[in-house]
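J.: need a structure here:
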Amino acid sequence: PLSPNINIDTLPSFLHDPFWECVQNTPSSVAIIDASNMDSRHETNDADEDSSNNTSTISMTYEEMGQHVSCLVNEILTHLLPLLNSQEEIIISVIMHKGWEQIVCALAALTCNATYLPIDAKWPIKRAEQIVQASGTCLVLSMSHLIDQEHALNVPTIFVDHFFQTMAKEMSSTTTSISWYNNMQSQHEWFTSRPPLLPRDMAYLIYTSGSTGTPKGVRCHHQGAMNTNIDLIERFNITSRDRVFGLSSLSFDLSVFDVFATFASGGTLVLSTSRDNITKNAGATGPDPEEWLKLVEKHEIQIWNAV
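T.: Residues are numbered from 1 along each chain as shown. Below is the predicted model of the structure:
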């Protein structure tokens, strides 16, 4: 049940709505700090070089995140328009490792009134293909080094690393706000010609890994996810001053709190160093708690949600 201090009439309707409010109201606040899969194309001047795993830290504001999401939304819609009259649910699979790009993809899918389906890039390609086909995925968002051929999964694919590199200049001059979001919803034919999104519509679809059998999908709707996140924000007094440790994989439902409760409170999401980086550089066979502790101390993380 919801905390008694929460007025259900004022709850945001959809999982992605609070993010766009932050883009509008606190554009210069830091939305995400990414220590997971680093490269140089979005490093800030205060990026640090970590000698322990040879990575640097990427920091992005809500405005910068909004610029990336809005440009990706425009690209996604060009792929979805042939489905304008389809009565099927629109499911977009996100196949990539942990990183800021993964979060942008989930937000872009939701902004298109679609459902995001996270698929861990470490899963075997056959398992990923099985899930893509079983779910009825109509579009895949991935990275060029993860899928060899554009139609390897027999579904149209956007390689977001190539896309963001191509669109770098346009994104730097893009202005995003809640007005852009509202105008898109009220004017673009994708939204005006299709039934409106409802709070009980599906926000995300999570599949089991299938390591012990056939992968099984779990449907999760906007209203249920928002109720849970807002309740936890209230119970633990999470504010815009807090930094939340994004440790869980996007394909694990604890990530819904990490990502969307953080944005709903206007806080900062800190993504952990990926298991792949730790394993490669330290010879470990799994996650390294010492590395997590370093990140907690370095980035002054206040909230850690885990099992």
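
J.: all strands of the stretch 1-150 of the chain, in order?
T.: Applying DSSP state E, counting those that start in this stretch to the stretch 1-150 of the chain gives strands spanning 30-34, 49-50, 55-56, 58-61, 91-96, 115-120, 139-142.

J.: Now render those as TSV, adding distance to residue 270.
T.: From N, CA and C alone the C-beta is placed, and that goes for glycine too. Below are those laid out as TSV (distance: least, CB to CB, whole Å):
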stretch	distance to residue 270
strand 30-34	5
strand 49-50	14
strand 55-56	14
strand 58-61	10
strand 91-96	18
strand 115-120	19
strand 139-142	23
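
J.: Indicate which one of those is closest to residue 206.
T.: With CB to CB as the measure, strand 115-120 is the member of the strands of the stretch 1-150 of the chain nearest residue 206 (6.7 Å).

J.: just checking, what packs against the closest one?
T.: Other helices and strands packing on strand 115-120, by 3 or more CB pairs under 8 Å, 6 or more residues apart in numbering; DSSP states H and E, are strand 91-96, helix 100-111, helix 125-135, strand 202-207.

J.: Need the ones you listed in TSV (columns: distance to residue 183, mean pLDDT and mean neighbour count).
T.: Shown next, in TSV, are the helices and strands packed on strand 115-120 (distance: least, CB to CB, whole Å; pLDDT from 0 to 100; neighbours: other CB atoms under 10 Å):
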stretch	distance to residue 183	mean pLDDT	mean neighbour count
strand 91-96	22	96	25
helix 100-111	12	97	26
helix 125-135	31	90	17
strand 202-207	22	96	22
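
J.: Would you convert these into JSON lines that also reports distance to residue 170?
T.: Output for the helices and strands packed on strand 115-120, formatted as JSON lines (distance: least, CB to CB, whole Å):
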{"stretch": "strand 91-96", "distance to residue 170": "22"}
{"stretch": "helix 100-111", "distance to residue 170": "15"}
{"stretch": "helix 125-135", "distance to residue 170": "29"}
{"stretch": "strand 202-207", "distance to residue 170": "28"}
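
J.: sorry, back to before: lowest average pLDDT across the strands of the stretch 1-150 of the chain?
T.: Ranked by mean pLDDT, the strands of the stretch 1-150 of the chain end with strand 49-50 in last place, scoring a mean of 43.

J.: Just the helices from the stretch 101-250 of the chain, written as ranges.
T.: For the stretch 101-250 of the chain, helices defined by DSSP state H, counting those that start in this stretch occupy the ranges 125-135, 160-166, 168-172, 178-187, 189-192, 222-235.

J.: Any chance of the ones you listed in CSV with distance to residue 83 as columns?
T.: Shown next, in CSV, are the helices of the stretch 101-250 of the chain (distance: least, CB to CB, whole Å):
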stretch, distance to residue 83
helix 125-135, 15
helix 160-166, 20
helix 168-172, 25
helix 178-187, 17
helix 189-192, 9
helix 222-235, 20
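
J.: mind checking the longest helix of this protein?
T.: Ranked by residue count, the top helix of the chain under DSSP state H comes out as helix 62-80.

J.: one step back: out of the helices and strands packed on strand 115-120, nearest to residue 66?
T.: Residue 66 lies closest to helix 100-111 among the helices and strands packed on strand 115-120, at 8.8 Å (CB to CB).

J.: quick one: contacts of that closest one?
T.: Here helix 100-111 makes contact (CB atoms under 8 Å, 6 or more residues apart in numbering) with 14-16, 19-20, 32, 34, 42, 58, 60, 65, 68-70, 72-73, 76, 92, 94, 96, 115-116, 118, 141, 143, 160-161, 164, 181, 184, 203-204, 250, 259, 269, 271.

J.: How far off centre is it?
T.: Offset of helix 100-111 from its chain centre (CA atoms, centre = their mean, to the nearest Å): 4 Å.

J.: and the angle from that helix to helix 178-187?
T.: Per axes from the mean of the first three to the mean of the last three CA atoms, to 10 degrees, the angle that helix 100-111 makes with helix 178-187 is 40 degrees.

J.: got a list of what the nearest residue to residue 21 once chain neighbours are set aside touches?
T.: Leaving aside its chain neighbours, residue 21 sits nearest to residue 178 (6.1 Å; criterion: CB to CB, 6 or more residues apart in numbering). Neighbour list for residue 178: 20, 21, 23, 24 [criterion: CB under 8 Å, 6+ apart].
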